[in-house]
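Student: Mind looking at a prediction? Sequence and model below.
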Amino acid sequence: MKYIDEFRDGDTARLLAGLIHKEVSPDRNYRLMEFCGGHTHAIFRFGIVDLMPENVRFVHGPGCPVCVLPAGRIEAAIRLAESSDIILCTYADLMRVPAGKKDSLHKARARGADIRMIYSATDALAIAQANPERQVVFFAIGFETTTPPTAAVIRIAAAMALTNFTVFCNHVLTPPAMAHILASGEASIDGILGPSHVSTIIGSQAYADCCAQYRMPLVIAGFEPVDVIQSTLLLIRQINEGIHRVENQYTRAVSASGNRKAKALMDEIFELRPRFEWRGLGELPDSALAIRHTYAAFDAEKRFHMAPVTTTDIKGCICPAVLRGVSNPDECKLFGTVCTPEEPKGACMVSSEGACAAYYSYGRFRAEVTS
Amino acid sequence: MKYIDEFRDGDTARLLAGLIHKEVSPDRNYRLMEFCGGHTHAIFRFGIVDLMPENVRFVHGPGCPVCVLPAGRIEAAIRLAESSDIILCTYADLMRVPAGKKDSLHKARARGADIRMIYSATDALAIAQANPERQVVFFAIGFETTTPPTAAVIRIAAAMALTNFTVFCNHVLTPPAMAHILASGEASIDGILGPSHVSTIIGSQAYADCCAQYRMPLVIAGFEPVDVIQSTLLLIRQINEGIHRVENQYTRAVSASGNRKAKALMDEIFELRPRFEWRGLGELPDSALAIRHTYAAFDAEKRFHMAPVTTTDIKGCICPAVLRGVSNPDECKLFGTVCTPEEPKGACMVSSEGACAAYYSYGRFRAEVTS
Amino acid sequence: MCLAVPARVEALDEATAMAVVSLDGIRKEVSTQLLEQVAIGDYVLIHVGFALERIDPVEAAKTLALFAELRAMDGNA
Amino acid sequence: MCLAVPARVEALDEATAMAVVSLDGIRKEVSTQLLEQVAIGDYVLIHVGFALERIDPVEAAKTLALFAELRAMDGNA
Amino acid sequence: MNNPDFKHGVIEMAHGSGGRTSATLIESLFVRHFDNPLLQQGNDQAAFAVTSGRMVITTDAHVVSPLFFPGGDIGSLSVHGTINDVAMAGAQPLYLSAAFILEEGFPLAELERIVISMARASRETGIPVVTGDTKVVERGKGDGVFITTTGIGVIPDGIHISGHLARPGDAIILSGYIGDHGTAILSSREGLEFGTTITSDSAALHTLVAAMIEVAPDIRCLRDPTRGGLATTLNELARQSGVGMHIEEAAIPLRAEVRGACELLGLDPLYMANEGKLVCIVPQQSAGRLLARMHHHPLARQAAIIGHVTSDERNLVVMQTGFGGMRVVDWLAGEQLPRIC
Amino acid sequence: MNNPDFKHGVIEMAHGSGGRTSATLIESLFVRHFDNPLLQQGNDQAAFAVTSGRMVITTDAHVVSPLFFPGGDIGSLSVHGTINDVAMAGAQPLYLSAAFILEEGFPLAELERIVISMARASRETGIPVVTGDTKVVERGKGDGVFITTTGIGVIPDGIHISGHLARPGDAIILSGYIGDHGTAILSSREGLEFGTTITSDSAALHTLVAAMIEVAPDIRCLRDPTRGGLATTLNELARQSGVGMHIEEAAIPLRAEVRGACELLGLDPLYMANEGKLVCIVPQQSAGRLLARMHHHPLARQAAIIGHVTSDERNLVVMQTGFGGMRVVDWLAGEQLPRIC
Ligand code: SF4
Ligand code: SF4
Ligand SMILES: [Mg+2]
Ligand SMILES: [Mg+2]
Ligand SMILES: [Mg+2]
Ligand SMILES: [Mg+2]
Ligand SMILES: [Mg+2]
Ligand SMILES: [Mg+2]
Ligand SMILES: [Mg+2]
Ligand SMILES: [Mg+2]
Ligand SMILES: [Mg+2]
Ligand SMILES: [Mg+2]
């Protein structure tokens, strides 16, 4: 597969890893936050850790859209789906994410709610057109990558004057989350592997302020293993040189300014939410999007007067700390015993991008495997 | 079973049959119309024909509510069920009755229409209460026996101010049908076994005018085999004596004036339809009931603007002649070959009260059986 | 037409105009709202979940007496 | 996060802003409405049924050239 | 891996995925309750030794509604029903397989209740469930639980029982009261509920059959009159054997309650389903001996000779009514539904 | 009695009533197409002769959606799937039973198409459908057609194949490309449609197995990696045998299209279903000979040794990735669903 296989080449990876081994200074640690779940996934799926020197450590970040969605938002969607005769459309990734009290969308569906898994935002639109007598709600989640498609379908729905289609908007923004992590200082990191596909939309410039303010090296890194290793090398070089700038390893897809058309579309449909709660990070100002007043007819929160739902934290689950880069999944007491991919207790065990799921599926017995 | 077993006693039957054999005059025929399908059913199920002299012949009448409902009314119900999102409730008896073009309610249900079989009119009401967001239509059929229960549920629905319950009224009246048969003279009959359960409601007096006008002996006969045979004897006696009056064999349940409370209830809810089409008998004036204006909110024909549907007759089916007592089922070319209870072509092959079904199930090979 | 069976009234609820009737061990709830009067022990004709009419025990007895007479005559013959 | 795969544009319908893309023999319809320009033969990143961005072949070649250089150096070493 | 929550949990799509969630359900429910070494091996099939001879295989999908009814449930029924079809060849049942099609959202507590009932039936009959399968369908694409059981068994030497072997003159024996199962199901069906003490006759008939062939190895036909009832079974046998049948209504064991329910709903007991009865066709000379033996078996105390086979070329089943007349007893046409006229 | 209208008709409740409508459907559809003397006897079970030895029984409920997919349909699948589970014991399949659960309203034309396909698969494999059952459920309580097939077969003398027999050092052989069936199903699933030339690999593997045990009677385990895919099957075998496994990603036959579809949807080919592949565990010394023989069979041209059994007490399956790293290949967790992140 063009533009995939080249970046999964083991020889290239080993050569780049060799440079890393050569260039790291043995008397210090390199704590690098892979911001995205996509990086986490690649690191485990391809066994990248095995190629790294001892003192290069990956720290997981909050860049998994499923993981950072607070349980209350899922609970709100479940209540909506169970209280009225609506069709709730959602990406499959969300189905098993724990809401309050051991609940989840897929449990609600098993109980009888009409919840449909879709592959594309346009599928939700098609379902609305095929069921004119029913209200169809698209449970939209995701960072800036997934937001433009949602914006596109809202604009189409408006053009078609659909009256049975709304969006429960949960789109969040990457830079504010990054700024929050850096501001807190909790994670004590030395550099950041920056988002790849988010950056195709928002562009590499988007991180400039944040990096400058917190004097943090950042390399926008593709999701293929060679991308990750090369980006790691670039980060180590910045750290060794004591500089901090936004570097772009993923030049084949990311430009400085991003996708202008997509950004304009997002801007037309969405506006900033004053505050939004993130799982693990708490309420962050200006960190998420809401549907603009002009498109209020397509806002499920308004149409259905959805009240905010607060849920209590899952006892023992340290997802919040994992998402802030403070703890590793295997530090969680529930990991692998009470909490497994079959019965996830926290969101990080659900998505294959979640740090806990990645640890469980690929890394759990790493010690034994490699010994 | 009290009041059943005594009237199924074979010895009593044979004694009464013996009297018939003794009393018939050998030089004439006795053509007796069993008005009701219930009598037809009893005659075949218990093998009453075997007990009768050669010259006592039973002629089938139109007293099967399923058989006399014209195909257009069923077609109209199917169209309603398929065009809107209603729940159509009906007695199971109607499910397989042929509408136009090989269609039937049970075929419409298989195609996806929401058609529910109910046992009691009150079940339809319960379904309406359980499905407040759906319109529930009760497809009501039947003679005066089945009409008071329909009236009762309409009155309850009105008291509860239900807005999602209506009745597609197809209730018909016995005396006008009887008068029509006698007026036409086609069937050339010598006496009538009168309705049993219809008469519990309308009383024996209801037939007085008709009998007088057409000088026709009539005996109201219970549906058990001994009832039928005793009534046959009573008819033969009237015929032999050359008299014609309304006689009541079914005194344990039928009074002269019938059930006043039920009649009053019917009168409150229903009014006469100026004309109504009967399968086989054509359009008869003042022969059916419509829901009164006061209860128009519960009239499905009004609520859904149901247009009259005319269907073409089934080619070859002589149901109309069978229902008028003019032909026997085995005179139909389709009988037992093209038309069977599995794939009925005409209504008379559906209900176990239908003359064709009775012939088929019990009488088809009578010749061979008794030989 | 009009399937109706005689069943014995076992219990009555005047408030709801409902009765429990029994037929050889089968018990069923039916409406009594079409009847002017009904008492426990009465036999009523059941049709589509409604009691249509009471069976008149005196009239039934008369009919049965006639049959009995017939049988007696036959036995003597 | 944000699964996106590079696929080749095989057909374009400007009227509907839809394209057919292919990925090793798999063909899929996607929306191109987020792209300013796109041509047949382009590789685009596909995410939830939308083409997010074109892959810049020149930039990709540069990166790959760097890797090739590395390998060449290693071969010589 | 945590066990499923059998108290509050429901069936989820993942239970049918084939992955660890499926495996856990199978272990903690099916293997645990069906508890036998063949199933415990955990293969996709069960292997067992046989000696040479004749074997039978039969299968039945069980889709009963409601799932729980007076006297049984879909679980016990699916064991009895298939054992009976094995037994109706005169065979000794050996093993059962069970395939479950579960609807998303079905309560695990109910499923466990069904499996426990099935396991009890299996234990009581001595016929283990040695292999199985579990699939889950989306909500609205199933009806709680469907269970397809398949049974195999061995036919003793010298036994040749088949529906085509009835001969004119043979006696027709019925093992007991008809219509109990159909009545029990109707009594608990939504919208039709009526009170009755009637319970389903669901039972495994293999020990009865074993006793029968011991005294009457010349039995020609055995069949359990399930769906379609006695009437349909007799018609099937008449057609298969190219014969007619003559039966006596008065000889057919029928409970008053079943008759009452049928009168009330306009149904005919001859068409009501049975799940623990059999029809046996046997040469007249063996009928008396056989009947006497049957009366000693708890499942055939009311067994009766209800008629005989005739040479009718039209393969009619005719019945002398209790009233004294004659009627044809036809196949069930369409479905048997409660009627008002 | 008129035949059902196979052109325009649909399944009605009466088709499952057990009465004449049922009988007519069975005669004109199942008996006609499956066409074999055992089924024609019209009994509720089929009887056949066996010689002494070991037999197997297996059952599978088939609930595939869509019913028709590139390269097959539920009919052929239900024949192949069960034959394969018989064959995976090293057994020669003998007979199949088939139980149908039909949804009211299902077009008879589609049902006939399915039955014809099933009959063809049965003919081509030489394994007749000798007994069956048909039930009809109300509209909305099924999903068109479910087919449960049960198969029985005989194990040749001297063959002992079971999932618990893998030993450290044994070779792991895979018979060909993985993920074809899963990809074909996904490509035709509503809302997910994508274009591909991939067709299901649905096939009966019994002749392959017969050829394999001829050259390698010491085969330890055979299993078809169906639901849950190769990853789950290896984990099952590892757990059953109390061993670990080591496999090489590069050695696993995988079509580019399947890999493409998986990349596009965020799926892992190791978890994709197969319906015409097998995993074989065999002592190393027999592996080469066995592989050579497999390559001569049309269903195993791409057979490959993909790894070996280890003595891992945690029963882990680990994989050397094509990239060079190591990863644990776990059981499938939950369902495998297309994902966006
Ligand atoms: S292992 Fe489970 S409970 Fe623990 S942090 Fe991860 S998701 Fe939360
Ligand atoms: S046999 Fe059929 S076609 Fe002929 S009159 Fe009767 S119902 Fe009509
Ligand atoms: Mg069977
Ligand atoms: Mg059975
Ligand atoms: Mg299976
Ligand atoms: Mg359901
Ligand atoms: Mg049977
Ligand atoms: Mg199996
Ligand atoms: Mg299988
Ligand atoms: Mg069967
Ligand atoms: Mg469906
Ligand atoms: Mg298998």
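Tutor: Looks like it came in fine. Ligands and ions are numbered 1, 2, ... in the order given.

Student: All the strands of the stretch 201-350 of chain A, residue numbers only.
Tutor: A:218-220, A:246-248, A:270-278, A:282-291 (DSSP state E, counting those that start in this stretch).

Student: what about residue A:108, is that helix, strand or coil?
Tutor: helix (DSSP: H, G, I helix; E, B strand; the rest coil).

Student: any idea how far residue A:140 is from it?
Tutor: According to CB to CB, to the nearest Å, residue A:108 and residue A:140 sit 18 Å apart. C-betas here are computed from N, CA, C, even on glycine.

Student: any idea which residue sits dead centre in the chain?
Tutor: Going with chain A. residue A:64 (2.2 Å; CA atoms, centre = their mean).

Student: Provide a list of residues in contact with that one.
Tutor: Going by CB atoms under 8 Å, 6 or more residues apart in numbering or on different chains, residue A:64 touches A:36-37, A:40, A:323, A:347-348, A:351, A:353-355, D:1, F:341.

Student: Once you drop chain neighbours, what's closest to it?
Tutor: residue A:37 (3.4 Å; CB to CB, 6 or more residues apart in numbering or on different chains).

Student: Do you have the helices of chain E handy? List them.
Tutor: Applying DSSP state H to chain E gives helices spanning E:20-25, E:32-34, E:37-40, E:74-87, E:108-125, E:180-187, E:206-215, E:229-241, E:256-265, E:284-295.

Student: if we compare these, which one ends up closest to residue F:128?
Tutor: Residue F:128 lies closest to helix E:74-87 among those, at 18.2 Å (CB to CB).

Student: what's the neighbour count on residue A:102?
Tutor: Residues near residue A:102, counting by other CB atoms under 10 Å in any protein chain shown, number 13.

Student: What ranges does the stretch 251-371 of chain A have for its helices?
Tutor: A:260-269, A:300-303, A:319-323, A:355-358, A:366-370 (DSSP state H, counting those that start in this stretch).

Student: So which of the ones you listed is the most surrounded?
Tutor: Per-stretch averages of neighbours, counted by mean count of other CB atoms under 10 Å in any protein chain shown, single out helix A:355-358 among those, with a mean of 30.

Student: That one - contacts with which helices or strands?
Tutor: Packing contacts for helix A:355-358, counted by 3 or more CB pairs under 8 Å, 6 or more residues apart in numbering or on different chains; DSSP states H and E, involve helix A:37-45, helix A:319-323.

Student: now that helix: mean pLDDT?
Tutor: Across helix A:355-358, pLDDT averages out at 89.

Student: Kindly format the C-alpha coordinates of it as PDB.
Tutor: Only the C-alpha atoms of helix A:355-358 are listed here, as PDB (Å, rounded to 0.1, in the frame of the first residue of the first chain):
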ATOM      1  CA  ALA A 355      -3.500   3.500  26.600                       C
ATOM      2  CA  CYS A 356      -5.000   0.800  28.800                       C
ATOM      3  CA  ALA A 357      -6.300  -1.200  25.900                       C
ATOM      4  CA  ALA A 358      -3.000  -1.000  24.100                       C
END
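
Student: Can you name the residue of chain C nearest to ligand 9?
Tutor: Relative to ligand 9, the nearest point of chain C is residue C:26 (46.6 Å; CB to the ion).

Student: ok, longest strand in chain C?
Tutor: Under DSSP state E, the strand in chain C containing the largest number of residues is strand C:5-13.

Student: ok, residue E:98 - contacts?
Tutor: Going by CB under 8 Å, 6+ apart, the list of residues near residue E:98 reads E:30, E:34, E:78, E:118, E:129, E:131-133, E:147-149, F:59.

Student: Output the set of residues of the stretch 101-250 of chain A in proximity to chain B.
Tutor: Proximity of the stretch 101-250 of chain A to chain B, by CB under 8 Å from any CB of the partner chain, involves residues residue A:133.

Student: And the helices in the stretch 101-250 of chain A, which stretches?
Tutor: Applying DSSP H, counting those that start in this stretch to the stretch 101-250 of chain A gives helices spanning A:105-111, A:121-130, A:147-159, A:174-184, A:197-202, A:208-214, A:225-241.

Student: any idea how chain A splits into domains?
Tutor: Domain assignment for chain A, taken from automatic domain parsing, gives A:71-172+A:288-303, A:319-370.

Student: Any idea which of these gets closest to ligand 9?
Tutor: From the domains of chain A, taking CB to the ion, the stretch that ends up closest is domain A:319-370, at 22.5 Å.

Student: how distant is that closest one from the center of its chain?
Tutor: 16 Å (CA atoms, centre = their mean, to the nearest Å).

Student: what about that domain, near ligand 1?
Tutor: Yes - shown here: domain A:319-370 in contact with ligand 1 (CB under 6 Å from any ligand atom) through A:319, A:322, A:329, A:332, A:334-335, A:339, A:344-346, A:348-349, A:356.

Student: still on that earlier bit, residue A:12: which of the helices of the stretch 251-371 of chain A is closest?
Tutor: Here helix A:366-370 is closest among the helices of the stretch 251-371 of chain A (CB to CB), at 21.6 Å.

Student: Quick check, central residue of chain C?
Tutor: Centroid-nearest residue in chain C: residue C:43, 2.6 Å away (criterion: CA atoms, centre = their mean).

Student: Which part of chain A gets nearest to ligand 2, residue-wise?
Tutor: Closest contact between chain A and ligand 2, by CB to the nearest ligand atom, is at residue A:133 (39.5 Å).

Student: Against residue A:231, how distant is that residue?
Tutor: Taking CB to CB, one finds residue A:133 at 51 Å from residue A:231.

Student: Mind putting the helices of the stretch 251-371 of chain A into JSON lines with distance to residue A:245?
Tutor: Output for these, formatted as JSON lines (distance: least, CB to CB, whole Å):
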{"stretch": "helix A:260-269", "distance to residue A:245": "23"}
{"stretch": "helix A:300-303", "distance to residue A:245": "40"}
{"stretch": "helix A:319-323", "distance to residue A:245": "26"}
{"stretch": "helix A:355-358", "distance to residue A:245": "27"}
{"stretch": "helix A:366-370", "distance to residue A:245": "33"}
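
Student: Tell me which of the ones you listed sits nearest to ligand 3.
Tutor: helix A:355-358 (45.6 Å).

Student: Any residue of stretch E:46-53 touching chain F?
Tutor: Yes - applying CB under 8 Å from any CB, one finds that stretch E:46-53 is in contact with chain F at E:46-53.

Student: Would you show me how to pick out the buried ones of those in ChimeraX?
Tutor: To isolate the buried members of the residues of stretch E:46-53 next to chain F in ChimeraX, using 16 or more other CB atoms under 10 Å in any protein chain shown:
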select /E:46,47,50
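
Student: for the residues of stretch E:46-53 next to chain F, which one is nearest residue C:47?
Tutor: Closest approach between the residues of stretch E:46-53 next to chain F and residue C:47, by CB to CB: residue E:46, at 54.9 Å.

Student: Any idea what the closest one is bridged to?
Tutor: Residue E:46 has these beta-bridge partners by DSSP bridges: residue F:57.

Student: Fine by me, we can end here.
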